[in-house]
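In: from the sequence below, what's the structure:
(chains A and B)
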Number of protein chains: 2
Amino acid sequence: MERRDAQKLKLQRAALARRAGGHAGRKQRRSAAESSSAVHPGLLGGSYRPLRERDMQRIHQTALDVLENIGMASPIPILREHALAKGCRIDARGRLCFPRALVEDVLASAPRSYVNHARDPRYDIEMSGARVHFDPGGESVLTLDFASGRYRPSTLIDLYDFARLVDRLDHVHMFSRVVSATEIPDLFANDINTAYASMAGTAKHIHLSFSDAKSIDAAIAMMDLILGGEGRHLERPFCTSGGCPVVSPLTYGEENSEVCIAATRMGGSVGVVIAPQAGATAPAALAGTLVQTVAETLAALLLVNLVVPGHPVGFGPWPFVSDLRTGAFSGGGGEAAVLNAAAAQIGRFYGLPTIVGAGMTDSKLPDNQAGYEKGVSVALAALAGANIVSETSGMLGSLMGCSFEAMVIDNEMLGCIQRALRGIEVTDETLSYEVIRDVAYGEGHFLGHPQTLQLMETEYLYPEIADRTSPSAWEEAGGHDLRERARQRARQLLASHYPEYIDRATDEKIRARFPIALPREAMRPGNRRW
Amino acid sequence: MERRDAQKLKLQRAALARRAGGHAGRKQRRSAAESSSAVHPGLLGGSYRPLRERDMQRIHQTALDVLENIGMASPIPILREHALAKGCRIDARGRLCFPRALVEDVLASAPRSYVNHARDPRYDIEMSGARVHFDPGGESVLTLDFASGRYRPSTLIDLYDFARLVDRLDHVHMFSRVVSATEIPDLFANDINTAYASMAGTAKHIHLSFSDAKSIDAAIAMMDLILGGEGRHLERPFCTSGGCPVVSPLTYGEENSEVCIAATRMGGSVGVVIAPQAGATAPAALAGTLVQTVAETLAALLLVNLVVPGHPVGFGPWPFVSDLRTGAFSGGGGEAAVLNAAAAQIGRFYGLPTIVGAGMTDSKLPDNQAGYEKGVSVALAALAGANIVSETSGMLGSLMGCSFEAMVIDNEMLGCIQRALRGIEVTDETLSYEVIRDVAYGEGHFLGHPQTLQLMETEYLYPEIADRTSPSAWEEAGGHDLRERARQRARQLLASHYPEYIDRATDEKIRARFPIALPREAMRPGNRRW
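Out: I've put the predicted structure just below:
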């Protein structure tokens, strides 16, 4: 590009900045809208289709063959009972086999849309069509310590802090048990405290994973206490649950099957997430892993909907990948990216609200590897149209670790991905024929054109911590990388954002009834150093 | 996933490793094939379509309106002459206007496939269909110094070193002037030395951008000297050229127009790359920027193919984006990612070999921001089916800087993206029905299954520097991030790989004829510290 009249451009830029009210004016307008208007939760995916239509049909049909002829081992009694009544059979090996017509019937009658509620209705998640949302993930046992920069076992306070952080990050649309409170060995106490710390930390939708079906009643009681009356959770079930009721290959897990059935009592959708690992607990051929993942996720859907017909299910085919040099799980490669995007496409093919995993980097730090492994896989899953892309934020080390600064960085990445996902609106106005003509005939550039000012805040998303300065300005400002800027931002949010989503009186009721281990002083500003 | 018999798995993993010959065996096989067999240059894109068919038609038709009614300012005399002879008109403003039928005719007769040759035919690039290849980019004026870790002006030796590095990186498929030799102010001397340093450093295809049309004869002479006879370059034009013959909005640039015409004499394709900047030299509406970019790239195609009918052109619509807070170019946002993917889709729509830009991160360092900004944008451009995705490797700081360690990192990223791009092959075999049945009825896992060993090297790509160890193993190994591992790898390659693509006798002939500034001692191992 040859140089234009630089002085003229500079003047027009200044005018643009003045009219836009500068940084301050923009900030004000943006905070009025409470988030950038360039992107919003629920943007439509579906423009990326890794599988051809014919291939998708073959995967579907082979998955039905698997369910019909090979079937599932170890169904729990209540499933066995309902399944046999609907025409299933137990084969000579004791496996439960599902006739394909029954699977098709259950597929046809499963709800195609529902809402995952949030305490604050602005954060409600509409699970339908190809609307895309981002979930942070879970459940890592290690946290990258904010002070030492080293990994240590995750705690309940970490979980609460992650909830507070997610509460303030625009592009992380819900919360889930990102880390495990490893210091609480008792499964029930752990479940209860996880539910409490999540509800205390965020007004976004919360997905809880329980180790024990009886924890569900406690979570229901807690929701009712917060909402102010028994049974109120049914009006607005702001927590959902579910789990992984399948042990791959093709075996039901008893406890998790029971959790999934019990989770229907919470009133909201039940997320079933099935993660066989290619090369270890699923075939090394990616297509074969998809077949098995689809068969197993259908088996989980059948579990819930044969026992509780028509209950909304989150269909979660999560194909995992092994690094065959070691047999260990690896989430960061292109294989995992394309597999989970294909899984999202299959969810769209069924028309079911779908959850997939992406962003499962193998890096231990929020470094360049984490950036591209997460960026590629989350973008592909989103473009393929998953309703919830999970494991997107904070997660590191093949899901073993979680990091506060990574969570802040990933929020920026999710903004960038959403802007790409939004695509390009083509209308008479946006085609801009007259604008081009006027500028070509006129002053030769667009900075001063009314269209530019008009679209400045709606067509473009401006990152908060990603660097866009010139090399010299960047160097003068200290030459920091994104991780350092993210640390500052995380520190600022964590030191200041102590929401009171559970009022004092309710808190006392909850603590009187349940063994809450989260110290009250950790929930007030000024008591901890950041 | 519940725990399986860990001991059994461990034994089977060991057996798998033995049969695969362990790391050493794998390395041997891989070096025999000279690259991983899981991915290869030219994998097919096209599964991502950011624009609906109807929207693409409207963009195309509006671009034709622009060329027909608004036209292009400042056509060079030879274009004006050919264009008027073919029915174009000069309007009252002196602008050259192209009837849409003529544009359609030129589009219809432009070559749809050709080869971008390389010194080593194994690196030939087939420009056709949706075959995707990766180009590093250009032309940054700053290099992130390997020793000091700070930016400094780029030099000719840097360019040579980048060429040597690209020569050894599997997933960077060609070379281009990634950095400018800023210490050589004379344009002709600069062009000549750029050509020499590129040809000396790599046997991959080289794209040269010239400041001066007369440099082209020198580059032709150099190719002929290397290939051993006058006119030999026409058999195997391993260097191509082209440029940006348009100054946006809608004005031809004189010098670059002449370079593009002269570049046809090199025998290979002419790449025309047009980069109007949304909000500055193109409309702020993304659709409008696409319209103008397409119109201008068609104008560049018309320039070459009206003057030299049927000459192969690389169609390069490169929509750039402004950060409207400052008016500066920003390459890292989601807007840039979706715009360039849409540009690739339009190239596919025309059926023309297409070049787009992606990976233009705004970060100054190979950090997390660089990772996700590059990962997202390169993945989208590749999935959309650009034949060459440029600016993919090494480039940082909104194309202002280049880095050796970033180049090595980006090579890994490109491998990951290619594995996703390859997709999922669906055949009777890969659907794996029998494999699933055998394992479900048998030992319950797939590590020991013959299919797993058989597919280990062909279904999966194993990164060389990306970390996949456990958190504890990673910590024991020093807890490095990817940048540090990339530095080690870059150091090792740069200290050892001094190819002799120009033999001594030829080198003397070239140096006798042209003012080559690259010192011979910089081209031999042991003379520089890494």
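
In: please enumerate the strands of the stretch 101-250 of chain A.
Out: Secondary structure of the stretch 101-250 of chain A by DSSP state E, counting those that start in this stretch: the strands cover A:114-116, A:125-127, A:131-134, A:142-144, A:151-153, A:174-176, A:205-207, A:239-243, A:246-247.

In: beta partners for A:Arg89?
Out: A:Arg89 forms beta bridges with A:Cys97, as assigned by DSSP bridges.

In: wait, isn't it in contact with A:Arg95?
Out: No - using CB atoms under 8 Å as the test, A:Arg89 is too far from A:Arg95 to be in contact (9.3 Å). Glycine gets a C-beta too; all of them are placed from N, C-alpha and C.

In: so the two - more neighbours on which side?
Out: A direct count of neighbours by other CB atoms under 10 Å in any protein chain shown for A:Arg89 and A:Arg95 places A:Arg95 higher, at 19 against 13.

In: that one: what's its closest spatial neighbour, skipping adjacent residues?
Out: Once flanking residues are discounted, A:Arg95 sits nearest to A:Gly71: 3.8 Å by CB to CB, 6 or more residues apart in numbering or on different chains.

In: also A:Val308?
Out: With sequence-adjacent residues excluded and distances taken as CB to CB, 6+ apart, A:Val308 is closest to A:Thr264, at 4.6 Å.

In: for that neighbour, give me its contacts.
Out: A:Val270, A:Val304, A:Val308, A:His311 (CB atoms under 8 Å, 6 or more residues apart in numbering or on different chains).

In: return the subset of those lying in helices.
Out: Residues of the contacts of A:Thr264 located in helices (DSSP state H): A:Val304.

In: reformat the contacts of A:Thr264 as CSV; add distance to B:Phe162 and neighbour count.
Out: Converted to CSV, the contacts of A:Thr264 look like this (distance: CB to CB, whole Å; neighbours: other CB atoms under 10 Å in any protein chain shown):
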residue, distance to B:Phe162, neighbour count
A:Val270, 54, 27
A:Val304, 56, 27
A:Val308, 61, 17
A:His311, 59, 21
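
In: next up, the contacts around the residue of the stretch 301-450 of chain A found nearest chain B.
Out: Distances between the stretch 301-450 of chain A and chain B by CB to the nearest CB are smallest at A:Gly371, namely 2.0 Å. A:Gly371 makes contact with A:Ile409, A:Met413, B:Asp367, B:Asn368, B:Gln369, B:Ala370, B:Gly371, B:Tyr372, B:Glu373, B:Lys374, B:Gly375, according to CB under 8 Å, 6+ apart.

In: number of residues surrounding A:Ala382?
Out: 31.

In: surely it is within a strand?
Out: No - with DSSP: H, G, I helix; E, B strand; the rest coil as the criterion, A:Ala382 is located in helix rather than a strand.

In: tell me how far it lies from B:Gly327.
Out: A:Ala382 sits 30 Å away from B:Gly327, going by CB to CB, to the nearest Å.

In: go on, A:Met127?
Out: Shown here: A:Met127 relative to B:Gly327, a distance of 41 Å by CB to CB.

In: could you do A:Gln418 as well?
Out: From A:Gln418 over to B:Gly327 the distance is 24 Å, taken as CB to CB.

In: cool, and A:Glu335?
Out: Counting by CB to CB, the separation of A:Glu335 from B:Gly327 is 42 Å.

In: which one of the two has more residues nearby?
Out: It is A:Glu335, of A:Glu335 and B:Gly327, that has more neighbours when counted by other CB under 10 Å, with 28 against 20.

In: run a quick check on that one versus B:Tyr462, I expect a contact.
Out: No - between A:Glu335 and B:Tyr462 there is no contact under CB under 8 Å: 10.5 Å.

In: surely A:Val389 is in a helix?
Out: No - read with three-state DSSP, A:Val389 is strand and lies in no helix.

In: now the helices for the stretch 401-530 of chain A?
Out: Using DSSP state H, counting those that start in this stretch, the helices of the stretch 401-530 of chain A run over A:404-422, A:428-431, A:433-441, A:450-455, A:471-476, A:482-496, A:504-513.

In: tell me the pLDDT of A:Ala299.
Out: Predicted confidence (pLDDT) for A:Ala299: 98.

In: and it, how many neighbours?
Out: Neighbour count for A:Ala299, taken as other CB under 10 Å: 26.

In: again, but for the one 4 residues further on
Out: The number of residues packed around A:Leu303, counting by other CB under 10 Å, is 28.

In: quick one: residues contacting it.
Out: Contacts here follow CB under 8 Å, 6+ apart; on that basis A:Leu303 touches A:Pro75, A:Ile76, A:Leu79, A:Pro245, A:Tyr252, A:Ser257, A:Cys260, A:Ile261, A:Val272.

In: redo that, cut-off 10 Å
Out: Neighbouring residues of A:Leu303 by CB atoms under 10 Å, 6 or more residues apart in numbering or on different chains: A:72, A:75-76, A:78-79, A:82-83, A:96, A:245-246, A:252, A:256-257, A:260-261, A:270, A:272, A:313.
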